[in-house]
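Q: Could you look at this predicted model? Sequence included:
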2 protein chains.
Amino acid sequence: MNGKTLFRGSVGVKDLREFIVKWFKRATIVLVGACEIIYEGRASSKAGKATRLIIIKEDGTVLVHESRGREPINWQPNSTITVELVNDVMTLKAVRLKPKEVLKINMSLTDEVEALVVSLGSGKFEISGTEEELVEYLARNPTLIGEGVELVSREVITPYGRIDLIFRDRLGSLILVEVKRGVADVDAAFQLKRYVDYYKSLGIDEVVGVLVAPEATPNARKILSQYGFKLKNINLSDVR
Amino acid sequence: MNGKTLFRGSVGVKDLREFIVKWFKRATIVLVGACEIIYEGRASSKAGKATRLIIIKEDGTVLVHESRGREPINWQPNSTITVELVNDVMTLKAVRLKPKEVLKINMSLTDEVEALVVSLGSGKFEISGTEEELVEYLARNPTLIGEGVELVSREVITPYGRIDLIFRDRLGSLILVEVKRGVADVDAAFQLKRYVDYYKSLGIDEVVGVLVAPEATPNARKILSQYGFKLKNINLSDVR
DNA sequence: GGATCAATATCGAGA
DNA sequence: TCTCGATGTTGATCC
């Protein structure tokens, strides 16, 4: 934890090139000003002139926010940044090579921007309630899947995808388990089907499919019962 | 397009409650200061004390950023915000009801924060190069799928998922098309399989599966050939 | 309001 | 590097 304000104030766009060069990679630059934005890459977009919030992080991440929503209207993660002047317009160019993408932010030389340069810290961050946790819990408590059930393996990679958990029941049948931390949808049900199909294609017929999730959508339940798979309603709050 | 700076400066945390109440929903509030963050909802997280960038948008969106990465470490879209004082700690509480989630940002009363209050504008925004565009293009140019092919329908909803496009070839067979604007993976290949299976389950056997994408992963290609599906390499740049 | 799916998704883990 | 799947995914659309 540290953090310090390195600059706070208004900057003329004509001085912005030098300003950005000075602070880029040394701190997080926050700008507020009128700009026009052009993006070309996997897709392309054009944002007409308006006042927006621009964040340039130390790792080259650029975010452009408007007044609403969690998502930036434009962005560029982990980019190389250059600033150039062409015909009375300052252009901040953020380039990424993989995928090849270019984000251009244009500002008029006659305008001003509000600028804030700060050194941001980084604290300890702990998260709980992920799918991984639920998988871990099931691995340690196989009886949640069924009586006399034993863990065989975890995160098994196949050409059909990665199987979260594999157990074996008392009769020797394999139990393939797909885990979802939220509502399971048709996609989750078919993911399970894929894995069961794969094992059957290997000539292993004694295979059972189980979907573990707090709940499932109607279509997902339909598909599960259609293929003879079981839904185990297990919630993350049961774990915690 | 408008935009104006309404406040710029340092604010003592003891005055921050009044400050936030004053500006919230009237403008976008940008804060930089030491904070500890607690989140409880679908999952839960705790971020230790560090200097972070906090954005409070007019619609109640709260974003907390550190010095790296496109993603905020914590957030709350579209929330109700309250500010309270407990034991020399100011807590900004952002609550969302669906799903039920609470984000708490704690700050010490003895600290100061850098604050910037701005009115952000909103400009015209146009984007091109989406999957929808590619679907549209194929619908208008069925010969890209094959000679003598005719469009039957678009975005067909089934219990197995939504089929992007359905064509009919000269022999009367249905052609089910799944479209991906980027690299198609195993999931895309199996999505197609689902749709074909569904039509066969309806007793319609003359069904062909086609995946349209600029490229596909090796496993995806393997699955496609295994089920006798075709990959049509079509790129969005061909469209534009 | 629920279900389904795209996204410039981003991000991280594993081979 | 590529592939694959999770995400507190968010956001939009369609029923």
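A: Right, received. Where do you want to start?

Q: in the one helix or strand residue A:33 maps to, what counts as buried?
A: According to DSSP states H and E, residue A:33 maps onto strand A:28-40. Within strand A:28-40, the residues scored as buried using 16 or more other Cβ atoms under 10 Å in any protein chain shown are A:28, A:29, A:30, A:31, A:32, A:33, A:34, A:35, A:36, A:37, A:38, A:39. Heads up, the C-betas are built off the backbone N, CA and C, glycines and all.

Q: so who does the residue in chain A sticking out farthest from the centre touch?
A: The C-alpha centroid of chain A is most remote from residue A:171, which lies 40.7 Å away (Cα atoms, centre = their mean). Contacts here follow Cβ atoms under 8 Å, 6 or more residues apart in numbering or on different chains; on that basis residue A:171 touches residue A:206.

Q: Assign it to helix, strand or coil.
A: coil (DSSP: H, G, I helix; E, B strand; the rest coil).

Q: now residue A:137
A: Applying three-state DSSP: residue A:137 is helix.

Q: pLDDT at it, what is it?
A: We have a pLDDT of 96 for residue A:137.

Q: roughly how far apart are the closest residue to it other than its chain neighbours and residue B:43?
A: Of all residues not flanking residue A:137 in the chain, residue A:239 sits nearest, at 4.6 Å (Cβ to Cβ, 6 or more residues apart in numbering or on different chains). According to Cβ to Cβ, to the nearest Å, residue A:239 stands 11 Å off from residue B:43.

Q: Kindly report the same for residue A:117.
A: Counting by Cβ to Cβ, the gap from residue A:117 to residue B:43 is 33 Å.

Q: For chain A, what lies in contact range of DNA strand C?
A: Chain A comes close to DNA strand C at residues A:39, A:41-43, A:45, A:61, A:73-78, A:101, A:103, A:155, A:157, A:183, A:185-187, A:217-220, as judged by Cβ under 7 Å from any atom of the strand.

Q: So is stretch A:67-83 next to DNA strand D?
A: Yes - interface with DNA strand D: stretch A:67-83 contributes A:69, A:70, A:71 (Cβ under 7 Å from any atom of the strand).

Q: Which of those fall in strands?
A: If you go by DSSP state E, the residues of stretch A:67-83 next to DNA strand D have nothing in strands.

Q: Among those, which one lies nearest to residue B:176?
A: residue A:71 (32.1 Å; Cβ to Cβ).

Q: rewinding a little: let's have the buried residues of strand A:28-40 in CSV, adding pLDDT.
A: What follows is the buried residues of strand A:28-40, written out as CSV (pLDDT from 0 to 100):
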residue, pLDDT
A:28, 98
A:29, 98
A:30, 98
A:31, 98
A:32, 98
A:33, 97
A:34, 97
A:35, 97
A:36, 98
A:37, 98
A:38, 98
A:39, 98
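
Q: near chain B too, which of these?
A: A:28, A:30, A:32, A:33, A:34, A:36 (Cβ under 8 Å from any Cβ of the partner chain).

Q: I'd guessed the last one sits against residue A:48; true?
A: I take that to be residue A:36. Yes - at 6.3 Å, residue A:36 counts as touching residue A:48 under the criterion of Cβ atoms under 8 Å.

Q: shared neighbours, these two?
A: residue B:123.

Q: Residue A:117 and residue B:43: who's more crowded?
A: residue A:117 (25 against 16; other Cβ atoms under 10 Å in any protein chain shown).

Q: Let me know the helix or strand that the more buried one is in.
A: strand A:112-119.

Q: Grab the CA positions of the next helix or strand after that strand and hand them over as PDB.
A: Later in the chain than strand A:112-119, the nearest helix or strand by DSSP H and E is strand A:125-128. In PDB, the C-alpha atoms belonging to strand A:125-128 read as follows (Å, rounded to 0.1, in the frame of the first residue of the first chain):
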ATOM      1  CA  PHE A 125      -7.200  -9.500  -2.400                       C
ATOM      2  CA  GLU A 126      -9.100 -12.600  -1.300                       C
ATOM      3  CA  ILE A 127     -12.100 -14.000  -3.100                       C
ATOM      4  CA  SER A 128     -14.400 -16.800  -2.000                       C
END
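
Q: Assign a three-state SS to whichever residue of chain A sits closest to DNA strand C, would you?
A: Of all residues in chain A, residue A:219 sits closest to DNA strand C, at 3.0 Å by Cβ to the nearest atom of the strand. Following three-state DSSP, residue A:219 is assigned to helix.

Q: Just confirm it contacts residue B:159, I think it does.
A: Yes - using Cβ under 8 Å, residue A:219 is in contact with residue B:159, at 4.9 Å.

Q: Find residues that contact each of these two.
A: residue A:186.

Q: tell me the contacts of the nearest residue to residue A:197 once chain neighbours are set aside?
A: Leaving out its chain neighbours, the residue that sits closest to residue A:197 by Cβ to Cβ, 6+ apart is residue A:160, at 7.2 Å. Contacts here follow Cβ under 8 Å, 6+ apart; on that basis residue A:160 touches A:194, A:195, A:197, A:198, B:186, B:190, B:219, B:223.

Q: Many thanks, we can stop here.
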